[in-house]
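1. What would the 3D arrangement of this be:
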Amino acid sequence: MEKRGLASLKMLPNMNEHIKLMLNEKIVLVGSEFDGKPFIKAMLVSRRESDNIFYFDSNNGSNRVAHWRENPAACVYFYDKPAYRGVMLTGTMEIINDLETKKKHWRSSMKAIYSGGVTDPDYCILKFLATSGRHYFMFQSEDFKV
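-> Below you'll find the predicted structure:
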């Protein structure tokens, strides 16, 4: 299928708005690749900066963070179950450990997970930067650039 810009999606009227609404989902599927195998898990979006930048809270000691240290390629999948619609964004995942960024993302409720607080060495931020995407709806899919 021919790749087109997001503004040119013609599958349904107002498709851009449908995709943008889906990007507000809080629980998404996040994928990584390690040792030639795909891995996926559900994660909570902690912050959305734009249509192509999403943040997640994570653990420096997790398998997923180890995957992205080895290979930053990542994808994030947004799924609307009632409409059977999906949007996959592909790009890269950056692991952030600087204290200023961690402070911006910190919530007091996270103390239950990270007993050392915002300075807990296991606490990190993941920053996903999307470069392209694919939208699926009503038996049609189309690629787009972000």
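2. Low-confidence bits of this protein, can you list those?
-> Across the chain, residues meeting the criterion (pLDDT under 70) sit at 1-15.
3. And the strands in it, which stretches?
-> Taking DSSP state E to define them, one finds strands in the chain at 4-5, 27-34, 37-48, 53-59, 73-80, 85-96, 123-137, 140-145.
4. what's the last one packed up against?
-> Strand 140-145 is packed against strand 4-5, strand 123-137, with contacts defined by 3 or more C-beta pairs under 8 Å, 6 or more residues apart in numbering; DSSP states H and E. No exception for glycine: its C-beta is placed from N, CA and C like everyone else's.
5. The second one now?
-> In terms of contacts (3+ C-beta pairs under 8 Å, 6+ apart), strand 27-34 is packed against strand 37-48, helix 63-70, strand 73-80.
6. Mind putting the ones you listed into a markdown table with mean neighbour count and distance to L23?
-> Shown next, in a markdown table, are the helices and strands packed on strand 27-34 (neighbours: other C-beta atoms under 10 Å; distance: least, C-beta to C-beta, whole Å):
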| stretch | mean neighbour count | distance to L23 |
| --- | --- | --- |
| strand 37-48 | 13 | 7 |
| helix 63-70 | 16 | 21 |
| strand 73-80 | 19 | 6 |
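7. Of those, which is nearest L29?
-> Taking C-beta to C-beta, strand 73-80 is the member of the helices and strands packed on strand 27-34 nearest to L29, at 4.2 Å.
8. The closest one to strand 85-96, inter-axis angle?
-> 140 degrees (axes from the mean of the first three to the mean of the last three C-alpha atoms, to 10 degrees).
9. Number the chain from 162, please
-> In the new count, where the first residue is 162, that last one comes out as strand 234-241.
10. circling back: mind putting the helices and strands packed on strand 188-195 into a markdown table with distance to C285?
-> Converted to a markdown table, the helices and strands packed on strand 188-195 look like this (distance: least, C-beta to C-beta, whole Å):
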| stretch | distance to C285 |
| --- | --- |
| strand 198-209 | 11 |
| helix 224-231 | 7 |
| strand 234-241 | 15 |
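11. among the ones you listed, which is nearest I286?
-> Nearest of the helices and strands packed on strand 188-195 (C-beta to C-beta): strand 198-209, 7.7 Å.
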